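J.: What shape does this take:
(chains A and B)
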Amino acid sequence: MYTQTEVTLRVDGKEQRLTIDTRTTLLDAMRELLGVTSPKKGCDHGQCGACTVLLDGRRVISCLALAVAYQEAEIVTAAGLADDEKLHPMQHAFIAHDAFQCGYCTPGQICSAVGMLAEVEAGWPSVVSSDLEADQVVLDDAEIAERMSGNLCRCAAYANIVPALAEVAGR
Amino acid sequence: MRPFRYERPGHLSEAVGLLTADPGATFLAAGTNLVDLMRLGVSTPDVLVDVRRLTSDRIEDLPDGGLRIGAGATNSNLAADRRIRRRYPVLAQALLSAASGQLRNMATTGGNLLQRTRCPYFQDLTTPCNKRQPGSGCSALHGHNRDLAVFGWSETCCATHPSDMAVAMTALGAVVRTQGPVGERALPLTELYRPPGDAPERDTVLSHGELITAVDLPSLPSAANSRYRKVRDRASYAFALVSVAAALEVVDGMVRDVRLALGGVAYKPWRAIRAEESLRGAPATAERFRSAAAAELADARPLQGNAFKVLLARNVIVSVLLELAEEQR
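T.: Numbers count the residues shown, from 1 in each chain, chains lettered A, B, ... in the order given. Below you'll find the predicted structure:
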């Protein structure tokens, strides 16, 4: 059976060709084969968000994505958000607000937050939005909590994560 | 995870052919449920046929005023669509109350309909489960069944369907379009899921190799006044204990049209036909809403651990209908 396959993956601006077992997830391909360790393996079941990356600008979890199925995608991890030595505003806000303790969930939180703010910019409602048809989202703390519920933090740094996101959102 | 061959055909007919040729092959969309089940050893396909970009991801207007949703449309794009938000708010709310932002960006419409139950025994290889291993027995029937069915279950299986999206689509009278080995067909969503009976391993009436290509929503004026209420163990990112999708049109205090479906109570979204029939033409009052809910729930057969669902369903039906009636005052 042909279970080995050649794939091309584009991660943080670098295109790389590699031979993988078809079972390899995007998360494992990045961490184990490409040495991109910024996305973290938490639950490996799509429940914790530690493996969140941006895929063509949208936040997704990489632990349930098969690498072989995402060869055309432009993948950006939290490490790839920085412009050389200059931190992304979201990275800066996490530091400024002390929005982590152990830091394991942080790269996933940061990618999720960047993707989430793009969704807000596009006017996407959430289930707690009072007006589904509104053009603009009023990004209060309840909206942030709901929209970030796919990212768990076992240190419970939420109290500082929410203000970090609010600052980047310009609130 | 068992090794598998990966195929990404260029045409729908090729995808259908690949499955028809191999009983061990299965379709892959985003894989947010399937890949997890493969990792757990619950699903063991030997070929994955990737159809994520084969079916349309567009949401198109139909001549009758309805919408056609391509099976490849993601849950997040569907929820954000202006026409869905304005004409079918119950569907936007159902989608937005499900999973997480990341998962909604991946999950497709077709995949959402075909996701499998989250019954803990189905996902646990160490316990008997007729849905996972036919003939092995049902661990849930006398086990931990708080999350499971109160309608339509059999001695072989009492699993529930986990989708929120499908509950709203059921209330809206959606029609599922498929392409399979013997051609195309359209069937009401209410007929997609198969009662467990003596073969709970088969979730749907679809044949092997039959692929969902689109979901049609009919034009439904009452759907403009609709909502989805989901009750769960935590405020976000959890499956429903009970959910209610409802649409209500009231004219001069009387119910002109009502659509009602329940989630988290059966192997399929439970269209509350009896409640709907008792309400059409009736006064839109709390008393009538209560008796309609009671009529629907009279046939419920709760398990040892989930009798609370009957009371919860009744209360949520009544409160959602009252809110919708208030909107029309």
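J.: so residue B:259, which of the three states?
T.: strand (DSSP: H, G, I helix; E, B strand; the rest coil).
J.: so how many other residues sit close to it?
T.: 23 (other CB atoms under 10 Å in any protein chain shown). The way it works is simple: take the backbone N, C-alpha and C, and place the C-beta from them, glycine included.
J.: what do you get for the one 4 residues further on?
T.: Residue B:263 is surrounded by 34 other residues when neighbours are defined as other CB under 10 Å.
J.: Quick check: it touching residue B:240?
T.: Yes: judged on CB atoms under 8 Å, residue B:263 makes contact with residue B:240 at a distance of 5.0 Å.
J.: any idea how far the residue of the stretch 1-150 of chain B at minimum distance from chain A is from residue B:70?
T.: Across the stretch 1-150 of chain B, the shortest distance to chain A (CB to the nearest CB) belongs to residue B:100, at 2.4 Å. According to CB to CB, to the nearest Å, residue B:100 and residue B:70 sit 23 Å apart.
J.: Looking at these two, which one has more neighbours?
T.: Legend: neighbour count by other CB under 10 Å for residue B:100 and residue B:70, higher for residue B:100 (25 against 20).
J.: Name the nearest residue to the residue in the stretch 101-250 of chain B positioned nearest to chain A, ignoring sequence neighbours.
T.: Relative to chain A, the nearest point of the stretch 101-250 of chain B is residue B:236 (3.7 Å; CB to the nearest CB). Leaving aside its sequence neighbours, residue B:236 sits nearest to residue A:149 (CB to CB, 6 or more residues apart in numbering or on different chains; 3.7 Å).
J.: For the one you found, give its distance to residue B:30.
T.: In terms of CB to CB, residue A:149 sits 19 Å off from residue B:30.
J.: Check residue B:223 too.
T.: For residue B:223, the distance to residue B:30 - CB to CB - is 27 Å.
J.: again, but for residue A:31
T.: 21 Å.
J.: Between the two, point out the one with more neighbours.
T.: More neighbours surround residue B:30 than the other of residue A:31 and residue B:30, with 25 against 18 (other CB under 10 Å).
J.: Isn't the more buried one up against residue B:108?
T.: Yes: counting by CB under 8 Å, residue B:108 is a contact partner of residue B:30 at 5.5 Å.
J.: shared neighbours of the two, which are they?
T.: In the contact map built from CB atoms under 8 Å, 6 or more residues apart in numbering or on different chains, the residues linked to both residue B:30 and residue B:108 are B:52, B:74.
J.: Give me the nearest residue to residue A:142, chain neighbours excluded.
T.: Counting by CB to CB, 6+ apart, residue A:128 is the residue found nearest to residue A:142 once chain neighbours are left out, at 5.3 Å.
J.: Count the residues that sit near the one you found.
T.: Each residue near residue A:128 was counted by other CB under 10 Å, and the total is 16.
J.: repeat for the one 10 residues further on
T.: Using other CB under 10 Å as the criterion, residue A:138 is surrounded by 12 other residues.
J.: Please confirm that it is located within a strand.
T.: No: secondary structure of residue A:138, determined by three-state DSSP: coil, with no strand assignment.
J.: what's the spacing between it and residue A:126?
T.: The gap separating residue A:138 from residue A:126 is 11 Å, by CB to CB.
J.: Domain parsing of chain B, as residue ranges.
T.: Domain assignment for chain B, taken from automatic domain parsing, gives B:5-50, B:224-327.
J.: What's the end-to-end length of the longest one?
T.: Looking back up the chat, that one is domain B:224-327. End-to-end distance of domain B:224-327 (CA to CA, to the nearest Å): 11 Å.
J.: quick one: average confidence on it?
T.: In this model, domain B:224-327 carries a mean pLDDT of 98.
J.: and what of stretch B:144-161?
T.: Here the average pLDDT along stretch B:144-161 is 98.
J.: so how far is it from its chain's centroid?
T.: Stretch B:144-161 sits 15 Å away from the centroid of its parent chain (CA atoms, centre = their mean, to the nearest Å).
J.: ok, and what's touching that stretch?
T.: The contact list for stretch B:144-161, computed with CB under 8 Å, 6+ apart, reads B:117-120, B:122, B:130-131, B:138, B:140-141, B:193, B:195-200, B:203, B:239, B:241, B:263-270, B:299-307, B:309-310, B:313.
J.: tell me which residues in that stretch are buried?
T.: Neighbour counts over stretch B:144-161 (16 or more other CB atoms under 10 Å in any protein chain shown) mark B:145, B:147-154, B:156-161 as buried.
J.: Equivalent analysis for stretch B:37-50, please.
T.: Residues of stretch B:37-50 classed as buried: B:37-39, B:42-43, B:45, B:47-50 (neighbour count, 16+ other CB under 10 Å).
J.: Could you do stretch A:26-41 as well?
T.: A:26-31, A:33-34, A:36, A:38-41.
J.: is it up against chain B anywhere?
T.: No: using CB under 8 Å from any CB of the partner chain, stretch A:26-41 stays clear of chain B, with a minimum separation of 10.4 Å.
J.: list the contacts for residue B:181?
T.: B:16, B:20, B:207-210.
J.: Name the SS class of residue B:185, please.
T.: Per three-state DSSP, residue B:185 ends up strand.
J.: Oops, could you answer that again for residue A:17 instead?
T.: What three-state DSSP gives for residue A:17 is strand.
J.: How many residues are close by residue 12?
T.: Reading this off chain A. With other CB under 10 Å as criterion, residue A:12 counts 18.
J.: sorry, should have said chain B
T.: Using other CB under 10 Å, residue B:12 is surrounded by 15 other residues.
J.: which residues sit in contact with it?
T.: Contacts for residue B:12 (CB under 8 Å, 6+ apart) come out as B:51, B:54-55, B:179, B:211, B:213.
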